[in-house]
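Chemist: Next come a sequence and a model predicted from it.
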Amino acid sequence: MINKRSVFALLFAFCSAFYTASSAAEVKLLPEAERMAAPDFVIEKLEGGKTSLADHRGKLVLLHFWATWCMPCRVEMPGMESLWQQYKDEGLVILAVSVDEGSKGRIEKYKQIFQLSFPILLDPESEVNDLYKVSNMPTSFLIDAEGQIVSYVSGAADWLEPDTIKLVEEFLQK
């Protein structure tokens with residue numbers, strides 16, 4: 001008899017293979033004319049307490065909108081964790097905003113399964129999601145030290161792709 005974990009593992013493997021075979025969303029620098037100030041927000045952290053975008057001013061912020069039910073999100077999370085581990089001491093901040101409704105337990109379990117150590121924020125009412133006009137999962141914004149949105153990605157990105165690493169390093173040096 002097949003149990004739930006086996007079904008999940010098979011589904012994840014299939015989706016991962018499908019995602020890998022298709023092209024990932026490209027992380028590109030926005031032209032100067034398209035850049036704008038990132039709207040500030042105050043939001044609950046999974047581990048308790050609150051944070052705001054303003055709390056991270058002066059750092060490079062990867063603001064990432066995702067959900068536990070989003071298969072492309074599952075595929076890109078390991079790359080985000082690797083990016084975080086590589087650059088967190090140089091000033092990269094990842095704020096992963098979960099739009100899941102209901103129990104925090106599902107999000108905590110997801111964090112454990114994928115061994116995520118970057119901050120996870122909770123947006124069950126989609127207030128921050130709406131503020132950023134996010135319509136697809138996943139969606140990411142790269143926000144520079146001055147609070148300007150310098151990159152926007154709709155879809156799953158390969159966070160370890162050489163051009164993406166180069167972009168992150170460029171903004172960490174500014």
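Modeler: Thanks, I have it.
Chemist: all strands for this structure, in order.
Modeler: 36-37, 42-45, 50-52, 60-66, 92-98, 120-122, 139-143, 148-154 (DSSP state E).
Chemist: Any chance of these in TSV with distance to Leu160 as columns?
Modeler: All C-beta spots, glycine's among them, are computed from the backbone N, C-alpha and C. Shown next, in TSV, are the strands of the chain (distance: least, CB to CB, whole Å):
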stretch	distance to Leu160
strand 36-37	27
strand 42-45	26
strand 50-52	26
strand 60-66	13
strand 92-98	13
strand 120-122	20
strand 139-143	14
strand 148-154	14
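Chemist: Could you identify which of these is most buried?
Modeler: Using mean count of other CB atoms under 10 Å, the stretch among these with the largest mean neighbour count is strand 60-66, at a mean of 25.
Chemist: Could you find the closest non-adjacent residue to Leu35?
Modeler: I think there's a mix-up here, since residue 35 is Arg and not Leu. Leaving aside its chain neighbours, Arg35 sits nearest to Gln148 (4.9 Å; criterion: CB to CB, 6 or more residues apart in numbering).
Chemist: just checking, the one you found touches Met36?
Modeler: Yes. Contact status for Gln148 versus Met36: in contact at 6.9 Å, counting by CB atoms under 8 Å.
Chemist: ok so, going back, what's the distance between the residue nearest to Arg35 and Glu125?
Modeler: 27 Å (CB to CB, to the nearest Å).
Chemist: go on, Trp66?
Modeler: From Trp66 to Glu125 the distance is 16 Å (CB to CB).
Chemist: Gly147 now?
Modeler: Separation of Gly147 from Glu125 (CB to CB): 24 Å.
Chemist: Of these two, which one has the most company?
Modeler: Neighbour totals were compared for Gly147 and Glu125, and Gly147 leads with 17 against 10 (other CB atoms under 10 Å).
Chemist: these two touch, right, that one and Ala38?
Modeler: Yes. Counting by CB under 8 Å, Ala38 is a contact partner of Gly147 at 5.4 Å.
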